[in-house]
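**Student:** A predicted structure for the sequence below; I have some questions about it.
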Amino acid sequence: MRYQGKAVIVTGGSKGIGEGCCRVFCAEGGLVAILARGKATGESLAAELCIKGPGRAIYLPCDVSRPDQLKSAIDRAAAEFGRIDCLINNAGWHPPATTIDQTRLEDLESLIRMNFISTFAGCQYALPYLRKTRGTIVNMSSMVALLGQEHSTAYCSTKGAQLSLTKSLAVELGREGIRVNAILPGNVDTPLMRDWAATLPDPQSALARVAALQVFGRMATGEEIGRIALFLATDDSSFLTGQAIEAEGGASLDY
C-alpha cells in the first residue's frame, strides 16, 4: 500500500508499459487515471483494476497528440481524485524502420507531437496540481536515447528530447520539491513489440533473438517497468531527480 490515497496519471495507460504501470500503482492502493485512445481496452482495464483493488482506476479518453484533449483529461483526473501526485508520460509510438532519406518531414513533425510535445505539455498541464502535492513526474524515454538505433533516427530524436527535458525540468522544479526522472526501457514484451515481430517472416524467432539480447535471456514485462515507476514516485527515491534509470536487463553490457 505504498501509494494508498495518492493519484497517478498514466498516458498510454491501456496496454504495454502503461498498463503495467497502472496495475502496479493500483495494487499499491493508488488512484489511477488511464489516459488512452482505445476506449474498449481502457474501460476494460479500469473495470478489472477496480475489482482487484485495493486502489481504484478510471479511464479517460485522450489522444495525447491533441493538447486540448490532454489538458482536459488531466483536469478531469484531478477533479475526480481531488489531487494529482504523479504524472507518468508514457504514451508514444515507434514507427517502422525508416531511413533518414525515406523520412518525410510531416511524419517527423507528427512523431514529435506524439512522443515529445505531449510529454512537455503533460508536464505543463499537471504542474498546478503537482505543486500542491510536491509530486513527481516520470518520463518514459528509451535506451535508444543513449544508444541510437539504425533506421530509427526520428524516434531516437524524440526519446532524446524527453531525456533532456527530464534533466532541465528537474533543475527548474527542484526547489519546489517536485522531482522529475526518466525510465529508459530496453526490450519489453509489449503488444507493440509483438506487432513488430508479426511483420517478419518468422515472428517467434525474431522474439527469441530479442529476448537473447538481455543477460537474463528474456525481455522485461510491463509490470517490471511499472515497479521502477512506483519507486520513482514514492519517497523511496526521495533524493533522486533528473536521473535516467536504464532498465535494459544488461543488454548494453559486455561490449
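**Tutor:** Alright, I've got the coordinates.
**Student:** Which pLDDT does the model give residue 198?
**Tutor:** Listed pLDDT for residue 198 reads 86.
**Student:** quick one: the strands in the stretch 151-255 of the chain?
**Tutor:** Per DSSP state E, counting those that start in this stretch, the stretch 151-255 of the chain carries strands over the ranges 179-185, 244-247.
**Student:** the helices in the protein, which residues?
**Tutor:** 16-27, 39-52, 67-81, 105-112, 118-133, 144-147, 153-173, 191-198, 203-211, 222-233 (DSSP state H).
**Student:** can you tell me which of those comes nearest to residue 91?
**Tutor:** Checking those against residue 91 by C-beta to C-beta gives helix 118-133 as the closest, at 6.1 Å. Every C-beta, even on glycine, is put in place using the N, C-alpha and C of the backbone.
**Student:** Can you give the contact residues for that closest one?
**Tutor:** 6, 9, 11, 64-65, 67, 70-71, 74-75, 78, 83-87, 89, 91-92, 135-137, 139, 162, 165, 169, 173, 176, 178, 180 (C-beta atoms under 8 Å, 6 or more residues apart in numbering).
**Student:** In that helix, which residues have enough neighbours to count as buried?
**Tutor:** 118-123, 125-127, 129-130 (16 or more other C-beta atoms under 10 Å).
**Student:** sorry, back to before: make a ChimeraX selection of whichever of the contacts of helix 118-133 turn out to be buried.
**Tutor:** Restricted to buried positions by 16+ other C-beta under 10 Å, the ChimeraX selection for these reads:
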select :6,9,11,64,65,67,70,71,74,75,78,83,84,85,86,87,89,91,92,135,136,137,139,162,165,169,173,178,180
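**Student:** most packed of the strands of the stretch 151-255 of the chain?
**Tutor:** strand 179-185 (a mean of 25; mean count of other C-beta atoms under 10 Å).
**Student:** Give the partner strands of it in its sheet and their orientations.
**Tutor:** strand 136-140 (parallel), strand 244-247 (parallel) (DSSP bridges).
**Student:** tilt between it and helix 16-27?
**Tutor:** Between strand 179-185 and helix 16-27, the angle formed by their directions is 130 degrees, by axes from the mean of the first three to the mean of the last three C-alpha atoms, to 10 degrees.
**Student:** As a markdown table, the strands of the stretch 151-255 of the chain with mean pLDDT and distance to residue 215 would be great.
**Tutor:** Formatted as a markdown table, the strands of the stretch 151-255 of the chain follow (pLDDT from 0 to 100; distance: least, C-beta to C-beta, whole Å):
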| stretch | mean pLDDT | distance to residue 215 |
| --- | --- | --- |
| strand 179-185 | 98 | 15 |
| strand 244-247 | 98 | 13 |
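**Student:** I'd like to know which of those strands is closest to residue 60.
**Tutor:** strand 179-185 (22.3 Å).
**Student:** Pull the residues that contact stretch 194-214.
**Tutor:** Taking C-beta under 8 Å, 6+ apart as the rule, stretch 194-214 contacts 94, 96, 186-187, 189, 193, 217-220, 248-251.
**Student:** That one: which residues count as buried?
**Tutor:** Quick answer for stretch 194-214 (16+ other C-beta under 10 Å): 196-197, 206-207, 210, 213-214.
**Student:** and if you look at stretch 2-10?
**Tutor:** The neighbour-count check on stretch 2-10 (16+ other C-beta under 10 Å) flags 2-3, 6-10 as buried.
**Student:** Please save the CA atoms from it in CSV.
**Tutor:** Extracted as CSV, the C-alpha positions of stretch 2-10 are listed here (Å, rounded to 0.1, in the frame of the first residue of the first chain):
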residue,chain,number,x,y,z
ARG,A,2,2.8,2.4,-0.8
TYR,A,3,0.6,4.6,-2.9
GLN,A,4,-2.6,4.5,-0.9
GLY,A,5,-4.8,7.6,-1.3
LYS,A,6,-2.4,9.1,-3.9
ALA,A,7,-3.3,9.8,-7.5
VAL,A,8,-1.3,9.0,-10.7
ILE,A,9,-2.0,9.8,-14.3
VAL,A,10,-0.6,7.3,-16.9
